[in-house]
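Chemist: Just to be clear, the model below is a prediction. Sequence and coordinates:
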Amino acid sequence: MSIEIKVPPLPESVSEATVVTWHKQPGDAVSRDENLVDIETDKVVLEVPAPADGVLGEIQAGEGETVMADQVIGSLDEQGAAAGGGKSQSEAAPAVPKDDDEPAAKEQPAGTRSEEPDSADASAVDEAELSPAVRRLVMENNLNPQTIKATGPGGRITKEDVLAHLEGGAEPAPAPEAAQPPTPPARDPSREAKEAEPEPVGSAPAAAGGERSERRVPMTRLRQRIAERLVEAQQTAAMLTTFNEVNMKPVMDLRNRYKEQFEKTHGIKLGFMSFFVKAACEALKRYPAVNASIDGTDIIYHGYQDIGIAVSTDRGLVVPVLRNAEHQSYAEIEKNIVDFGKRARDGKLTMDELTGGTFSITNGGIFGSLLSTPILNPPQSAILGMHKTQERPVVENGEIVVRPMMYLALSYDHRIIDGKEAVSFLVALKECIEDPARLLLEV
């Protein structure tokens, strides 16, 4: 019996999605609940599990195609598993002889061009096992599939394998026959004399030799959504940024003193982000406009702190939300951030975890950024940017000392947050970081 494979229900306000990767190919044996295909929406990647044991049939929506909710994208043959003995296509197909097993080349008649044995058969097998997206890339770039290192299931070539092959500087597959060198032009003494003259000073040098390659890659749905939201933030908000710097020595000393005991007690490492989350929550309580948002002509003041933590992934930047961060302990914050980071890189975050924040924190310092102006995450009205901690000379009590300093940046919507509130918020956060006891005493 054939079972239809459909796109699962999409999150609210999401009308379409894109097929990212088929993990199985037609003829492959699959088990119930095994992931068949990844489907990408604006923010999350959805997995489509196998509804039953069987063999994957026809794929109706290939990688890169746009699909809708409940659309049929393939079929599963329940009886195929028994008929095929439960073997995948790669196991059932006749083996292609390897180099060591190939028979010796037969003698060719004089005047004929010798060919590598079984090259046509191997090429045919390779072409048959390529997915539509991979086959398109191979054809567009004139590649030989046999030269591409395969990392997919059953030794198949994935889209990432082709891109990695191209980025590695691989040359396109050679043409069947070498082109004849052009006939040199007739010797022109007057032209040779002109070419021998020195170039005028300031003339542009000839282009350096080497390939000038380009490749066009469509933006992922996540990247498209990020672009839309960033442009929206700049077009709809009166965005402004204020800066300050913070001495990280008190927090670093406290962390060094208790980090081993903290990890032993809670099973998680003590980082710096939990200090900034707690400090932000305290500052947001004092200056509620920074935690507010605009809805039409109304201002919504949130009586809770849902803090978004920006996480960088290969697919783009996502901002999962720590719900009620003001009530979470340092250990809970650290555990949730580690969990968010892992699941963000695996594309396992849910839509609920990516929406509804009231304030965001982004840390460009982990990539070496010394100073930046972060962009708002609508409908939030403010975002805090952390940066690289760097030792710098500062003046304390009339003396020059060296301290580990970090620049802080607060971008905010000037429509509802005045400059005084923004600066005061940043000063309050700075005081909490430079004197961590304030966070415990809430002063």
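Modeler: Arrived safely.
Chemist: Enumerate the residue intervals of the protein where per-residue confidence is below the cut-off.
Modeler: 11-13, 43, 79-129, 131-133, 153-154, 169-209, 442-443 (pLDDT under 70).
Chemist: May I ask you to name the longest helix in it?
Modeler: helix 249-266 (DSSP state H).
Chemist: and that one, what other elements does it pack with?
Modeler: helix 330-345, strand 399-413, helix 419-434 (3 or more CB pairs under 8 Å, 6 or more residues apart in numbering; DSSP states H and E). Every C-beta, even on glycine, is put in place using the N, C-alpha and C of the backbone.
Chemist: can we see that at 7 Å?
Modeler: Applying 3 or more CB pairs under 7 Å, 6 or more residues apart in numbering; DSSP states H and E, we find helix 249-266 packed against strand 399-413.
Chemist: List of residues touching the strand it packs on?
Modeler: 237-249, 252, 290, 365, 370-376, 381-387, 389-394, 422, 425-426, 430 (CB atoms under 7 Å, 6 or more residues apart in numbering).
Chemist: tell me, how many neighbours does the residue nearest to A325 when sequence neighbours are not counted end up with?
Modeler: With CB to CB, 6 or more residues apart in numbering as the criterion, A325 has its nearest non-adjacent residue at 4.2 Å, and that residue is I307. Look at I307: counted by other CB atoms under 10 Å, it has 28 neighbours.
Chemist: just checking, I307 touches F276?
Modeler: No - applying CB atoms under 7 Å as the test, I307 and F276 come out as separate, 9.3 Å apart.
Chemist: got the buried residues for the longest helix of the chain?
Modeler: 249, 251, 255, 262 (16 or more other CB atoms under 10 Å).
Chemist: Just send those residues back as JSON lines, with distance to G27 too.
Modeler: As requested, the buried residues of helix 249-266 are arranged in JSON lines below (distance: CB to CB, whole Å):
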{"residue": "K249", "distance to G27": "63"}
{"residue": "V251", "distance to G27": "58"}
{"residue": "R255", "distance to G27": "55"}
{"residue": "F262", "distance to G27": "52"}
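Chemist: out of these, which one sits closest to V45?
Modeler: Distance to V45 across those (CB to CB) is lowest for F262, with 33.2 Å.
Chemist: Hmm, the closest one is touching L270, no?
Modeler: Yes - counting by CB under 7 Å, F262 does reach L270; the two are 4.3 Å apart.
Chemist: Contacts made by stretch 294-308 with the rest, please.
Modeler: 277, 280-281, 284, 288, 291-293, 319-326, 356-361, 377, 379, 415-416.
Chemist: can you check stretch 267-287 too?
Modeler: Everything outside stretch 267-287 that qualifies as a contact, by CB under 7 Å, 6+ apart, is 251, 255, 258-259, 262-263, 290-291, 305, 307, 322, 325-326, 330-331, 333-335, 337-338, 359, 361, 363, 384, 386, 421, 424-425, 428-429, 432-433, 436, 439, 442.
Chemist: didn't G54 look like it was pressed against V30?
Modeler: Yes - counting by CB under 7 Å, V30 is a contact partner of G54 at 6.3 Å.
Chemist: Break down the stretch 251-400 of the chain into its helices, ranges please.
Modeler: Using DSSP state H, counting those that start in this stretch, the helices of the stretch 251-400 of the chain run over 273-286, 330-345.
Chemist: for these, which one sits closest to K159?
Modeler: Nearest to K159, of the helices of the stretch 251-400 of the chain and by CB to CB, is helix 330-345 at 18.0 Å.
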